[in-house]
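Peer 1: Next comes the sequence, and after it the predicted model I'd like to discuss.
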Amino acid sequence: MMFKSSIVAAAMVCLSAMTAQAHVGLSTPCGRYQPAAGCPAPPPGQSIDYNINSPIGTHDSIDQPICKHTVPYTKRTVYKAGDTIHTAYSVGASHGGGHCQWALSYDNGKTWVVLKTLIRDCLKGVTSGQAYSVPVTIPKNAPSGKVTFMWLWNNAIGNRELYSNCADLEIKGADGGSISGLKPLIANYGAGSLLIPEFPNPTDNDEHAAFGKREAITVHVKGSGKSTTKPKTTKPKTTKPKTTKPKTTKTK
């Protein structure tokens with residue numbers, strides 16, 4: 001019985017590893033509950049996602065929420081405003097590449113500002129297990145705060161799917177302020193969303209024009225009220241009182 005149990009356990013581990021390698025998932029910074037080595041343990045009540053690379057939905061159904069998981073990590077990766085995030089991915093099947101968007105949220109996913117977009121060329125030509133990285137720069141004027149960093153991918157070939165992972169970061173920047181950009185395009189995510197058809201060939205319709213019509217957005221972040229610059233102090237000028245000698249008159 002123990003021998004059979006060991007075989008079943010080993011098979012489940014292998015199946016989990018194979019499942020995690022299918023499709024693509026964000027590994028750097030660590031997507032929520034990513035099983036990769038070096039990623040934080042899931043927060044209380046949550047568990048490692050061995051299916052981290054799977055889509056969150058198709059044009060026919062919404063299977064999981066944006067970000068895939070809604071409870072943030074308790075430990076966050078710290079970046080400075082103006083830093084470049086060298087994102088990396090666990091690649092199982094790249095499905096001919098496709099469209100990718102990277103966005104930032106200061107309110108745990110209620111509003112998003114897109115930082116970068118790749119049309120058609122995202123993950124294009126990448127094979128299973130191959131290292132893949134995309135640099136994404138945080139705006140220099142990004143306010144300080146705890147943020148959610150999101151990756152979205154609409155694949156070029158295969159089922160009409162949407163992939164999404166989110167990482168929990170902390171930005172060290174200005175004390176309050178705002179960042180402006182575009183709202184992300186959410187496509188192939190339920191029947192009410194935009195349908196991006198398969199586009200294996202250069203002349204195929206890839207709905208790239210829809211990305212040019214994304215709505216503009218400005219996100220305002222309240223400051224702490226603490227000044228980030230030291231006030232200038234000036235010493236009061238001291239003037240010595242003038243002393244005048246009394247005039248003496250000579251008597252004849």
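Peer 2: That came in fine, so what should we check first?

Peer 1: going forward, measure contacts and count neighbours with C-alpha atoms only.
Peer 2: Noted.

Peer 1: How far does stretch 130-142 sit from its chain's centre?
Peer 2: If you compare the mean C-alpha spot of stretch 130-142 with that of the full chain, they lie 9 Å apart, counting by CA atoms, centre = their mean, to the nearest Å.

Peer 1: How about that stretch, which residues are buried there?
Peer 2: By neighbour count with 16 or more other CA atoms under 10 Å, stretch 130-142 contains the buried residues 133, 136, 138-139, 141-142.

Peer 1: Which two among the residues you listed are spaced furthest apart?
Peer 2: Across those, no pair lies farther apart than 133 and 141, at 24.3 Å, counting by CA to CA.

Peer 1: Okay, and residue 150 sits in which element?
Peer 2: In this assignment (DSSP states H and E), residue 150 forms part of strand 145-155.

Peer 1: do residue 169 as well
Peer 2: Short version, using DSSP H and E: residue 169 is in strand 161-172.

Peer 1: Which parts of this structure are helices?
Peer 2: Using DSSP state H, the helices of the chain run over residues 2-21, 208-211.

Peer 1: Lowest average confidence across these, which one?
Peer 2: Within the helices of the chain, the stretch with the lowest mean pLDDT is helix 2-21, showing a mean of 41.

Peer 1: coming back round to it: so the strand holding residue 169 versus strand 145-155, what angle?
Peer 2: 160 degrees (axes from the mean of the first three to the mean of the last three CA atoms, to 10 degrees).

Peer 1: Averaged pLDDT, strand 161-172. What do you get?
Peer 2: 98.

Peer 1: For the residue nearest the centre of the chain, give its distance to residue 53.
Peer 2: The residue at the geometric middle of the chain, judged as the C-alpha nearest the mean C-alpha position with CA atoms, centre = their mean, is residue 149 (1.7 Å). Here residue 149 is placed at a distance of 17 Å from residue 53 (CA to CA, to the nearest Å).

Peer 1: Also residue 119?
Peer 2: Distance from residue 119 to residue 53, counting by CA to CA: 20 Å.

Peer 1: of those two, who's got more company?
Peer 2: Neighbour tally, residue 119 and residue 53, criterion other CA atoms under 10 Å: the higher count belongs to residue 53, 26 against 15.

Peer 1: Please look at the more buried one and residue 23 and confirm they touch.
Peer 2: Yes - checked against CA atoms under 8 Å, the pair residue 53 and residue 23 is within contact range at 5.3 Å.

Peer 1: Next, show the common contact partners of these two.
Peer 2: Residues within reach of residue 53 and of residue 23 at once, by CA atoms under 8 Å, 6 or more residues apart in numbering, are 91-92.

Peer 1: where's stretch 120-131 relative to the chain centroid, distance-wise?
Peer 2: Counting by CA atoms, centre = their mean, stretch 120-131 comes out at 20 Å from the chain centroid.

Peer 1: Tell me where the model's unsure across the stretch 101-250 of the chain.
Peer 2: Per-residue confidence for the stretch 101-250 of the chain (pLDDT under 70) gives these ranges: 225-250.

Peer 1: can you do 90?
Peer 2: Low-confidence segments of the stretch 101-250 of the chain, defined by pLDDT under 90: 129, 224-250.

Peer 1: those strands in it, which residues are they?
Peer 2: Across the stretch 101-250 of the chain, reading from the start of the chain, the strands by DSSP state E, counting those that start in this stretch fall at 113-118, 133-137, 145-155, 161-172, 177-182, 216-221.

Peer 1: The second one - contacts with which helices or strands?
Peer 2: Counting contacts by 3 or more CA pairs under 8 Å, 6 or more residues apart in numbering; DSSP states H and E, strand 133-137 packs against strand 84-91, strand 113-118.

Peer 1: Any idea which of the ones you listed gets closest to residue 169?
Peer 2: In this view, the helices and strands packed on strand 133-137 are compared for proximity to residue 169 by CA to CA, and strand 84-91 is the closest at 10.7 Å.
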